[in-house]
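# Below is the sequence, then the predicted model.
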Amino acid sequence: MRPCSARPLAKKQRDMDRPEFSNRTWLCTVVFLDMAEYSKQSVAQQMAMKRRFNAQLAEAIAHVAVRDRIVLDTGDGAAICFMGDPEEALLVGLRLFHAFRDESKSELLPMLVRIGIHIGPLKIMKDLNGQLNVIGDGINAAQRVMSFAQPNQILVSRSFYEVVACLSHEYEQLFQY
């Protein structure tokens with residue numbers, strides 16, 4: 001994982017302490033991922049899978065500025081909240097899809113990942129540990145969309161499709177109903 005500068009994070013934390021920032025509703029794109037059948041593995045296998053998952057995730061989001069994303073660990077996966085460009089979420093989702101698909105062909109224990117993408121409203125708050133967290137339809141719907149995906153499949157919500165499909169003809173061709 002790339003080290004991050006303390007300065008932007010410190011500013012982000014200061015911003016979160018301002019009431020007008022924390023009460024704001026954000027329209028974010030959420031990429032929600034989980035490792036299929038993760039809980040059925042032994043603890044040693046789960047640790048190996050989690051290391052591989054984290055490495056792929058870190059590589060896929062390395063180019064996205066820390067201030068433009070919030071990454072939440074869900075235990076058997078992650079939720080990445082993109083604060084800006086929905087196109088960025090699509091590209092990261094595709095990067096992750098291809099990385100996990102290609103990796104599963106070469107590993108003894110293939111990691112099958114389900115991916116769901118949704119755009120919707122979120123509120124940002126701090127969790128019990130003082131870390132940034134998100135609540136709202138944006139993350140809840142992204143998780144529901146992901147839960148319908150098959151292993152090694154990306155599903156997107158209709159709202160995300162409608163936003164991204166109008167950005168480029170090539171993007172529109174990526175989707176099928």
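Looks like it arrived, so ask away. These figures come from a predicted structure and were not determined experimentally.

# Please enumerate the strands of the protein.
Shown for the chain, the strands assigned by DSSP state E span residues 25-35, 69-73, 77-82, 113-126, 132-135, 153-156.

# Would you check that residue 68 makes contact with residue 88?
Yes: under the criterion of Cβ atoms under 8 Å, residue 68 makes contact with residue 88 at 7.5 Å. Every C-beta, even on glycine, is put in place using the N, C-alpha and C of the backbone.

# overlap in contacts of these two?
residue 82 (Cβ atoms under 8 Å, 6 or more residues apart in numbering).

# Between these two, which is the more surrounded one?
Higher neighbour count among residue 68 and residue 88: residue 88, with 20 against 13, using other Cβ atoms under 10 Å.

# Flag the shaky bits of the chain, pLDDT-wise.
Residues of the chain that meet the criterion pLDDT under 70 lie in 1-22, 107-108.

# list the contacts for the most centrally placed residue in it?
Nearest to the geometric centre of the chain sits residue 80, at 2.7 Å (Cα atoms, centre = their mean). Residues in contact with residue 80, defined by Cβ under 8 Å, 6+ apart, are 30, 31, 32, 33, 57, 61, 69, 70, 71, 72, 89, 92.

# What sits closest to it if chain neighbours are left out?
Nearest residue to residue 80 in three dimensions, chain neighbours excluded: residue 31, at 4.6 Å (Cβ to Cβ, 6 or more residues apart in numbering).

# any idea how far the one you found lies from residue 142?
Separation of residue 31 from residue 142 (Cβ to Cβ, to the nearest Å): 7 Å.

# buried stuff in stretch 54-72?
For stretch 54-72, burial by neighbour count (16 or more other Cβ atoms under 10 Å) applies to 56, 57, 60, 61, 64, 69, 70, 72.

# Could you let me know which of those residues ends up closest to residue 25?
Distance to residue 25 across these (Cβ to Cβ) is lowest for residue 70, with 14.7 Å.

# what is the closest one paired to in the beta sheet?
residue 81 (DSSP bridges).

# Next up, the contacts around it.
80, 81, 83, 124, 132, 133, 134.

# ok, and what's touching the helix ranked longest in the chain?
Longest helix in the chain by number of residues (criterion: DSSP state H): helix 86-106. Helix 86-106 is contacted from outside by 29-31, 33, 52, 56-57, 59-61, 64, 68, 80, 82, 110-113, 115, 117, 119, 152, 154, 160, 163-164, 167, 171, 174, using Cβ under 8 Å, 6+ apart.
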